[in-house]
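Student: Dropping a prediction and its sequence here:
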Amino acid sequence: MTVGGVEKLGGRFVRLWAASTTSALGSGLATIAVPLLVASRTNDPLVVAAAFCVAWLPWLLFALPGGVLVDRVDRRRLMVVIDWVRVVAVGLLAAVILTGHVSIALLYGVLFVLNTGEVVFRSASQAMIPSVVPRARLERANGWLGGGTTLMQGMVAGPLGGFLFVVAASIPFFVNALTYAASAVLIGLVAGVYRPSPDHPDEPRAPRSVRAEVAEGFRWLARQRLLRTMAVLIGLLNLTLTAAIAILVLLATERLHLGSVGYGLLFTCIAVGGVLGSAVGEHLIRWLTASWTLRIGLLIEAGTHLALATSRSPFFIGFVLFAFGVHGALWSIVGSSLRQRLTPPAMMGRVSSTTLFIAAGGNCVGALLGGLVAAKFGLTAPYWVGFVVAVVVSVATWRVFDRATVAKAFAEPSPAVHDA
């Protein structure tokens, strides 16, 4: 990922990428600092675990209506407003922490606000990209966005957030507020209007309810075989992946005999793979074809679960997780690019948010499932379940991702809503 590479995408994208990457650093700092802050106030496992639930709840509550909002207003202005709201919320939390009077309830409330903003912000960002970069460079743009986010959240935010928290508990949150402010300024500098165009500009459009527009997005996605299959796959694979990650700390300590540093390095392996995959994604996808990128990715999913279920070598597991990180970046690039190519501009927010909703559902259920299955059937049971699910979905969807179908999707212009 060279500087020249991002500059070729244009000044508007450079600002959008810088805003997204800066915001990702702030969100990553909060992700590290919040559980540390909760744990410093209580050792009640339920209270600590509740922070995870509060963080994911907005994805289930607001992903779908958030997509409707993205399709109704200027997406750039919406992102700016969201960032400034998050500046106020996290700045208030940092100030209260500084006084020493922070409460768990306030922390939960701010966490809920931040993640509600993240849901809508991410949908709006994805919906803006096709208007900012040429169609032929969507893969490069998505690779840069994914790589910047992975680098900041997966590699920089972890050690930096922990260090800043040790210096003073309020510092990670003050820095988080500054990153959101910087993001708001950068997005404000992106020239242009990003309000979705009506399907028939000469015809007045009757106002519709949020439910009707959400249903329209669901129906459109359900009729698109390729996008529908990918959305369902992401939900299923997230379910088994989150189940696996939820107990990875136990696998690391009991089977791989790793300490806390070694456990953290496993996530670093994923992050390094993700950054590399984002850096070479455009060229690798062109060489493999998008079809084989998706198919090989399914095999890597199955292989990852099989390795976690059977291997006791931390070095081999580290390599497997690195490969998984590369695969995750490539899948994200192909999936985002397909949505952006096939989805009508006026529905981009709803289709993106529907996919996020399905993915979040898989994450929420998977986190609970991993612990339940491991408790009843043994530590490796969730990984065997993940392996079986990955094999089944690979067989069931192999023909969906044939070269002709995927190539046609990449070649076709975005359809109009009324033609879908």
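Tutor: Cool, got the structure. Numbers count the residues shown, from 1 in each chain.

Student: Show me this protein divided up by domain.
Tutor: The chain breaks down by automatic domain parsing into domains covering 1-194, 210-414.

Student: Can you list the low-confidence ranges for the stretch 1-150 of the chain?
Tutor: By pLDDT under 70, the low-scoring segments of the stretch 1-150 of the chain are 1-8, 43-50, 52-53.

Student: who are the neighbours in contact with residue 339?
Tutor: By CB atoms under 8 Å, 6 or more residues apart in numbering, residue 339 lies in contact with 126, 227, 348, 351-352, 355. (C-beta placed from N, C-alpha, C; glycine too.)

Student: Of all pairs in those, which one spans the longest distance?
Tutor: 126 and 227 (13.2 Å; CB to CB).

Student: what's the helix or strand for residue 20?
Tutor: Element membership of residue 20 [criterion: DSSP states H and E] is helix 11-41.

Student: and that helix, which residues are buried?
Tutor: 12-34, 37-38 (16 or more other CB atoms under 10 Å).

Student: again, but for stretch 278-298
Tutor: Residues of stretch 278-298 classed as buried by neighbour count (16+ other CB under 10 Å): 278-282, 284-285, 289-291, 293-295, 297-298.

Student: likewise stretch 210-228?
Tutor: 213-214, 216-217, 220-221, 224, 226-227.

Student: Now it: average pLDDT?
Tutor: Stretch 210-228 shows a mean pLDDT of 86.

Student: same thing with stretch 390-400?
Tutor: The model assigns stretch 390-400 a mean pLDDT of 91.

Student: With just CA atoms, put it into CSV.
Tutor: Output of stretch 390-400 as CSV, limited to C-alpha atoms (Å, rounded to 0.1, in the frame of the first residue of the first chain):
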residue,chain,number,x,y,z
ALA,A,390,-17.8,-24.2,6.6
VAL,A,391,-17.6,-27.5,4.6
VAL,A,392,-21.4,-27.6,4.2
VAL,A,393,-21.7,-24.0,3.0
SER,A,394,-18.7,-24.5,0.7
VAL,A,395,-20.5,-27.4,-1.0
ALA,A,396,-23.8,-25.6,-1.0
THR,A,397,-22.6,-22.4,-2.5
TRP,A,398,-19.7,-23.5,-4.7
ARG,A,399,-21.7,-23.2,-7.9
VAL,A,400,-23.1,-19.8,-6.9
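
Student: For it, which outside residues touch it?
Tutor: Outside stretch 390-400, the residues that touch it by CB under 8 Å, 6+ apart are 225-226, 229, 233, 236-237, 240, 295, 298-299, 301-302, 305.

Student: List the buried residues for that stretch?
Tutor: 390-391, 393-394, 397, 400.

Student: repeat for stretch 313-320
Tutor: Applying 16+ other CB under 10 Å to stretch 313-320 flags 314, 317-318, 320 as buried.

Student: pLDDT and secondary structure for those - can I get that in CSV?
Tutor: Formatted as CSV, the buried residues of stretch 313-320 follow (pLDDT from 0 to 100; DSSP: H, G, I helix; E, B strand; the rest coil):
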residue, pLDDT, secondary structure
314, 91, helix
317, 93, helix
318, 92, helix
320, 95, helix
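
Student: which strands and helices sit next to the helix holding residue 20?
Tutor: For helix 11-41, the elements it packs on are helix 3-7, helix 45-70, helix 75-99, helix 104-132, helix 138-150, helix 157-167, helix 171-188, judged by 3 or more CB pairs under 8 Å, 6 or more residues apart in numbering; DSSP states H and E.

Student: now, of these, which is deepest in the fold?
Tutor: helix 138-150 (a mean of 25; mean count of other CB atoms under 10 Å).

Student: now that one, how far from the centre of its chain.
Tutor: A distance of 12 Å separates the centroid of the chain from that of helix 138-150, by CA atoms, centre = their mean, to the nearest Å.

Student: which one of the contacts of residue 339 sits closest to residue 380?
Tutor: Nearest to residue 380, judged by CB to CB, of the contacts of residue 339 is residue 355 at 30.5 Å.

Student: circling back to that earlier point, got TSV for the buried residues of stretch 313-320, with distance to residue 256 too?
Tutor: What follows is those, written out as TSV (distance: CB to CB, whole Å):
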residue	distance to residue 256
314	5
317	6
318	9
320	12
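
Student: Can you tell me which of those residues is nearest residue 64?
Tutor: residue 320 (34.8 Å).

Student: show me the contacts for the closest one.
Tutor: Counting by CB under 8 Å, 6+ apart, residue 320 has contacts 303-304, 307-308, 311.

Student: Generate a ChimeraX selection restricted to the buried subset of the residues you listed.
Tutor: Buried residues within the contacts of residue 320, by 16+ other CB under 10 Å, are selected in ChimeraX with:
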select :303,304,307,308
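
Student: Distance to residue 74, secondary structure and pLDDT added to the contacts of residue 320, as a markdown table?
Tutor: Listed next are the contacts of residue 320 as a markdown table, based on distance: CB to CB, whole Å; DSSP: H, G, I helix; E, B strand; the rest coil; pLDDT from 0 to 100:
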| residue | distance to residue 74 | secondary structure | pLDDT |
| --- | --- | --- | --- |
| 303 | 44 | helix | 95 |
| 304 | 41 | helix | 95 |
| 307 | 46 | helix | 95 |
| 308 | 45 | helix | 93 |
| 311 | 50 | coil | 92 |
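
Student: So which of the contacts of residue 320 is the closest to residue 380?
Tutor: The closest of the contacts of residue 320, once distances to residue 380 are taken by CB to CB, is residue 308, at 7.6 Å.

Student: secondary structure element for the nearest residue to the closest one once chain neighbours are set aside?
Tutor: Distances taken as CB to CB, 6 or more residues apart in numbering put residue 383 closest to residue 308, at 4.4 Å, once the chain neighbours are dropped. Assessed by DSSP H and E, residue 383 sits inside helix 381-397.

Student: quick check: angle from whatever helix or strand comes next after that helix to helix 138-150?
Tutor: Downstream of helix 381-397, the first helix or strand assigned by DSSP H and E is helix 403-411. In terms of direction (axes from the mean of the first three to the mean of the last three CA atoms, to 10 degrees), helix 403-411 departs from helix 138-150 by 90 degrees.
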